[in-house]
Structure formats: structure tokens, C-alpha cells
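In: Have a look at this prediction, sequence included:
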Amino acid sequence: MKLFSSILIALIVLASTKVAPANARLDGFRNLLDLPYANSDHPRQTLNLYLPEHPVSKKIPLIAYIHGGAWREGDKAFGVHRIQKFLRGGQFAAASIGYRLTDEGPWPLQIHDCKAAIRWLKANADQYGYDASNIAVMGNSAGGHLVAMLGVSADVPEMSGRLGLHLDMDTRVKCVVDFCGPANLLTMVDQPSTMRHDTPDSPEGQLVGGYVRKRSKVALDASPQTHVSKADAPILVVHGDKDPLVPVQQARDFHEALLKGKVDSTLVILKGMGHGLRHPELDRRIEAFFAKHLLGENVEISGTPILTK
């Protein structure tokens, strides 16, 4: 089982990365690559910034992507190609954020990096022509976990860290799109999955620094569901009901917790789909979500499950 789980994770990481060009460039945009956000020379503490050559206004919204890879793989170079389809007509800028992986340290290293990146993006918004108060975040798998945490932890000081030069900036985001991200690491270890999530060498074990149950305090701290409050950003939670790695119950429980906490949450389940989530109807709903929360359009976001077969 251990070998099977490792192979499965590797295949999914490979599948999520092989579709993207290695140079991470985006046509029709000014490509500003490898910008350091933490006042360091660490290559993972950098982000790529994409500014439309013909923006529709002086201050456009920005969509920031955070990559997946079980917190131990992946790279920001592949992120922007997951959101390229949503960057329509000069209406949005984009960023793809790198962060340190678990081979360099456990939680909260990863969220501290992501928070530093958001502070940098806000501090430099006027220079680059986007709106610091209108930043969305989007991520898949481990990246889904991290963007969900950004959405629920703006009022949790211990999540902020002390990285970078812009500690006066807040880390609140306008809205969140969470693809198949873990939301409660403690309940996840008992939910049906093709892999064990509690072992020290599992992705979750490496994130919290040991057996998840034995590291329950850290696991709870690293779970977005723990930090839900009514001040949180609107969240679109997306999951496949056949996900072999992150149980779909994670999404259902997170959505219920968000609703109970009076947070604007929409849950979209893709019937018959696993850990990789691509479907034209899903794209339409994400476009509507951004139109509503970033552009102020009066649109409804359907939570009806999407039939993929």
C-alpha cells in the first residue's frame, strides 16, 4: 500500500505538471518572472507576475494561483496555465506563487510564505497597475489547502509569520477557489482513501512533522476548517466524488462548516471525477464566481453537481 500510494502521488503530480511549458511565459501579458517576495534569495520564495498588455482600467483585479504537489512537489512555473482561460480581455492580472516545501520544514512554513507573497502583491499593486483590495486566490490539492487557509485566516495572527518587508500589509483576499484541498487533517486520516494519511511519510505527516494523530494540535492548526469565522472570504469549493487521494467528504464537511460560520460558500461536486478537475461547465462557474466577486457583476453561482460521464 505504501508503494502504491507513493506511485499514485507521483503520477498525479506528473499529470498536473506535464501540460505546462517549462518557461512559464504567457502570451499577451508582460511576464515578470521570479520576483522575490520575502526579502530573501530563496528560489521558492518568489512569484511570477502577469500583467495584461492592454488592461481595461488602471486598477484591475488580480488572480493568484498556488500550485499543488502534496506540499512536497510542484512549482509555480505550472500555475498560470491553470488560470489562463479565466484571464479574459485585459480584465485581470495574474500571479503564480512559489513556496517552500516540506523537505525544508513543516507547517506553518508554507502558509507563512503564501502570506508574505500576498503582502508583497498588495504592497506593489500601485506600481504594477492592479487593485490591492481585489485579489483572488486559486489552488489545487495542496494549493487548494493553502488558498483555503488564506481565505479563513486573515484574522489569525499566528498564521501571518514575519517574512518580507511589508508587515504592515494585511493578508485578506477577496475570494477563493479551492480545488480538492484537504480541509481537516484529523478527520481525513479516517476517511476512505487509496492511501494512508496518518503515517510520518505521508504528505500530511510530512506537513505536520510526524503521525497526524500524535501531532493533533499542529494538524488542527493546519486545517482550514479550524479557523472558519463569518469574516472569511467567499469560497468556491470544488471536488471530484471519485477523488482517490483527498476524500470528497473533506469538501462536504468544509462547506457545511463555512455555511454554519455564515461564510459565503458554494460547493460544486464533479460526479465521476477524481483528483484532476477539468470540465467546461466548471470553467463557466469559475468565470461567474470571479465576475461576481472581482468585477461586481450580479450573477448566481450554481452548486448543482456536474455530471462528467
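Out: Structure received. These numbers were taken from a predicted model, which means no experiment stands behind them.
In: so how many other residues sit close to the closest residue to residue 260 other than its chain neighbours?
Out: Leaving out its chain neighbours, the residue that sits closest to residue 260 by CB to CB, 6 or more residues apart in numbering is residue 228, at 7.8 Å. C-beta here means a position set from N, CA and C on the backbone, and glycine is covered the same way. Per other CB atoms under 10 Å, the neighbour tally for residue 228 reads 24.
In: doesn't residue 258 make contact with residue 228?
Out: Yes: counting by CB atoms under 8 Å, residue 228 touches residue 258, with 5.8 Å between them.
In: And the pLDDT for residue 78?
Out: Listed pLDDT for residue 78 reads 82.
In: Repeat that for residue 276.
Out: Reported pLDDT for residue 276: 80.
In: pLDDT below threshold where in the stretch 51-200 of the chain?
Out: Applying pLDDT under 70 to the stretch 51-200 of the chain flags no residue at all.
In: quick one: the helices in it?
Out: Applying DSSP state H, counting those that start in this stretch to the stretch 51-200 of the chain gives helices spanning 80-83, 109-123, 125-128, 142-152, 185-188.
In: And the residue nearest the centre of the protein?
Out: What sits nearest the mean C-alpha location of the chain, by CA atoms, centre = their mean, is residue 139, with 2.8 Å.
In: quick one, the longest strand along the chain and helix 142-152 angle?
Out: Counting residues, the longest strand found in the chain (DSSP state E) is strand 130-140. Put simply, strand 130-140 runs at 130 degrees to helix 142-152, going by axes from the mean of the first three to the mean of the last three CA atoms, to 10 degrees.
In: Dump the C-alpha coordinates for strand 130-140 into CSV.
Out: The C-alpha trace of strand 130-140 is given here as CSV (Å, rounded to 0.1, in the frame of the first residue of the first chain):
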residue,chain,number,x,y,z
TYR,A,130,-3.8,46.1,-10.2
ASP,A,131,-6.1,46.6,-7.3
ALA,A,132,-4.6,45.6,-3.9
SER,A,133,-8.1,45.2,-2.4
ASN,A,134,-9.3,42.9,-5.2
ILE,A,135,-7.1,39.8,-5.1
ALA,A,136,-8.5,36.3,-5.6
VAL,A,137,-6.6,33.1,-4.8
MET,A,138,-7.0,29.8,-6.5
GLY,A,139,-5.2,26.5,-6.0
ASN,A,140,-5.4,22.7,-6.4
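In: which residues are contacting that strand?
Out: The contact list for strand 130-140 (CB atoms under 8 Å, 6 or more residues apart in numbering) reads 16, 51, 59-68, 82-83, 93, 118, 121-123, 125-126, 145-147, 150-151, 173-181, 277, 290, 293-294.
In: I am finished for the moment; much appreciated.
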